[in-house]
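Engineer: From the sequence below, what's the structure:
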Amino acid sequence: MITCKVCGKEFESDSSLHKHLRAHKLRMVEYYQKYFPRYDLYDKKIIKFKSKQFYFEADFNTKTNLKKWIKEQPEHITKKYCDDFLTNRIETRDLKYAPTEVELRTIMSPPTLFLDNILDGYYKYCSDKGLINRFKSIPTEGLIKRTKDVENEAIYVDTREQKPLKFKIPIEVKTLNFGDYAFSDAKVSSNTYIERKSISDFIGTMSGGFERFKKEIERSIEKDAYLIILVEDTLSNCMSFNYLPHVSKKIKATPEFVFHNVRQLIQAYPSIQFLFVKGRPEASRLIQRIFVCGGMHKEIDLQLAYDMKLL
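Structural biologist: The predicted structure is shown next:
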């Protein structure tokens, strides 16, 4: 049972309590910040309220504050904080796989490379916690381009692709059961398909089109395919799309909702990766590199490698 801190009345669920707050003329933010005050560890300002779960899990209001706080702490304090943070997330989210760069960057978490350093090996730490590592190690080099045996190949472009990207190698328009791009030699590409998204497409897919997209992923799994969702905008822009002038103001979905769904997909389907890049030319370049890299893209966290400027 959940007890209202204002009047003592008991409720069976959060939703019932939240409806009841109207009787006290209280918004959720006012209720929780008054009766359950939580403060940013760095600047001591009250934690912003986005949802009950976010409010009780957040220790900082911004990534900047997180970074500043970390810099001021002795190493043993920082290490304990990172361990506690990840342990709590593993338990509360029932994680199965080691969180990827996209997952960590879209929550109030220290970055992957920092975790790798402070925890004496990020993937080893995750393995010790019982998580499955989808990738072998932190990337140290980019994808190796293969030129042998691909000279007479082509990139398949789905017939429904309205604004196809341009490539240095030939293209063929074909009907694909999933994804927008594939390679003519499935063995060379490790049976990889790429789903290209503009930022608007991405938002729509991860909100109203979410259930439909899950079915597309499941079709790719049935064909033993690897699917990369390539968004032709930076992760930073996508995380703050509600402030971008070229994104429709009619969109009701929030970045928090969209990336909650992204993280859900990453944990549910180990045969997918999300990759956010800076513009269409970058998307074209990376599609070509991924298709001819001999399957290396399955062994590394592509977003992490891209952020490290290794792609």
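Engineer: List the residues that contact residue 45.
Structural biologist: With contact taken as CB atoms under 8 Å, 6 or more residues apart in numbering, residue 45 is in contact with 39, 61. Using the backbone N, CA and C atoms, a C-beta is placed for each residue, glycine as well.
Engineer: cutoff 10 Å now
Structural biologist: Taking CB atoms under 10 Å, 6 or more residues apart in numbering as the definition of contact, the neighbours of residue 45 are 39, 60, 61, 65.
Engineer: where's the second one relative to residue 173, distance?
Structural biologist: When CB to CB, to the nearest Å is applied, the distance between residue 60 and residue 173 equals 48 Å.
Engineer: The last one now?
Structural biologist: Separation of residue 65 from residue 173 (CB to CB) stands at 49 Å.
Engineer: between those two, which one's more packed in?
Structural biologist: Using other CB atoms under 10 Å as the criterion, residue 65 and residue 173 rank with residue 65 on top: 17 against 12.
Engineer: Quick check: closest non-adjacent residue to the more buried one.
Structural biologist: Of all residues beyond its chain neighbours, the one nearest residue 65 is residue 42 (4.0 Å), with distances taken as CB to CB, 6 or more residues apart in numbering.
Engineer: can you give me the helices in the stretch 1-150 of the chain?
Structural biologist: Secondary structure of the stretch 1-150 of the chain (DSSP state H, counting those that start in this stretch): helices at 14-20, 28-35, 52-57, 63-72, 75-93, 101-105, 112-118, 122-128.
Engineer: Skip the chain neighbours and tell me the closest residue to the residue of the chain most remote from its centre.
Structural biologist: Ranking residues of the chain by C-alpha distance from their mean position (CA atoms, centre = their mean) puts residue 7 at the top, at 40.6 Å. With CB to CB, 6+ apart as the measure, residue 24 is the residue that lies nearest to residue 7, at 7.3 Å, once sequence neighbours are left out.
Engineer: you'd agree that neighbour is up against residue 18?
Structural biologist: No - between residue 24 and residue 18 no contact is recorded; they are 11.3 Å apart, counting by CB atoms under 10 Å.
Engineer: which residues does the nearest residue to residue 55 once chain neighbours are set aside contact?
Structural biologist: Closest residue to residue 55 apart from its sequence neighbours, by CB to CB, 6+ apart: residue 49 at 5.0 Å. Contacts were defined as CB under 10 Å, 6+ apart; by that measure residue 49 touches 27, 28, 29, 30, 31, 32, 33, 38, 55, 58.
Engineer: Touching, residue 152 and residue 184? I think so.
Structural biologist: Yes - the criterion here is CB under 10 Å, and residue 152 meets it with residue 184 at 8.6 Å.
Engineer: More neighbours: these two, which one.
Structural biologist: Set side by side, residue 152 and residue 184 show more neighbours around residue 184, with 18 against 9, by other CB under 10 Å.
Engineer: Next one, pLDDT for that one please.
Structural biologist: The score at residue 184 is 95. That number is its pLDDT.
Engineer: Give me the common contacts of residue 24 and residue 18.
Structural biologist: Both residue 24 and residue 18 are contacted by residue 31, under the criterion CB under 10 Å, 6+ apart.
Engineer: The two: which is more packed in?
Structural biologist: Between residue 24 and residue 18, counted using other CB under 10 Å, the more crowded position is residue 18 (16 against 13).
Engineer: excluding its backbone neighbours, what's nearest the more buried one?
Structural biologist: Computed as CB to CB, 6+ apart, the closest residue to residue 18 that is not its neighbour in sequence is residue 28, at 5.7 Å.
Engineer: Show me how the record splits the protein into domains.
Structural biologist: According to automatic domain parsing, the chain comprises the domains 2-55, 73-128, 155-307.
Engineer: Give me the buried stretch members for stretch 65-85, please.
Structural biologist: Across stretch 65-85, burial judged by 16 or more other CB atoms under 10 Å covers 65, 66, 69, 70, 78, 79, 81, 82, 85.
Engineer: So residue 101 sits against residue 306, correct?
Structural biologist: Yes - in this structure residue 101 lies within contact range of residue 306 using CB under 10 Å: 8.5 Å.
Engineer: and for stretch 240-247, what are the contacting residues?
Structural biologist: Outside stretch 240-247, the residues within contact range by CB under 10 Å, 6+ apart are 198-200, 202-203, 233-234, 237-238, 248-249, 251, 253-256, 258.
Engineer: let's see 7 Å
Structural biologist: With CB atoms under 7 Å, 6 or more residues apart in numbering as the contact definition, stretch 240-247 has outside contacts at 199, 200, 203, 237, 254, 255.
Engineer: Tell me the buried residues in that stretch?
Structural biologist: Of the residues in stretch 240-247, those scored as buried under the neighbour-count criterion (16+ other CB under 10 Å) are 241, 247.
Engineer: pLDDT below threshold where in the stretch 1-150 of the chain?
Structural biologist: For the stretch 1-150 of the chain, applying pLDDT under 70 flags the ranges 145-149.
Engineer: how about a cut-off of 90?
Structural biologist: Low-confidence segments of the stretch 1-150 of the chain, defined by pLDDT under 90, span residues 50-51, 53, 136, 141-150.
Engineer: Cool, thanks, talk later.
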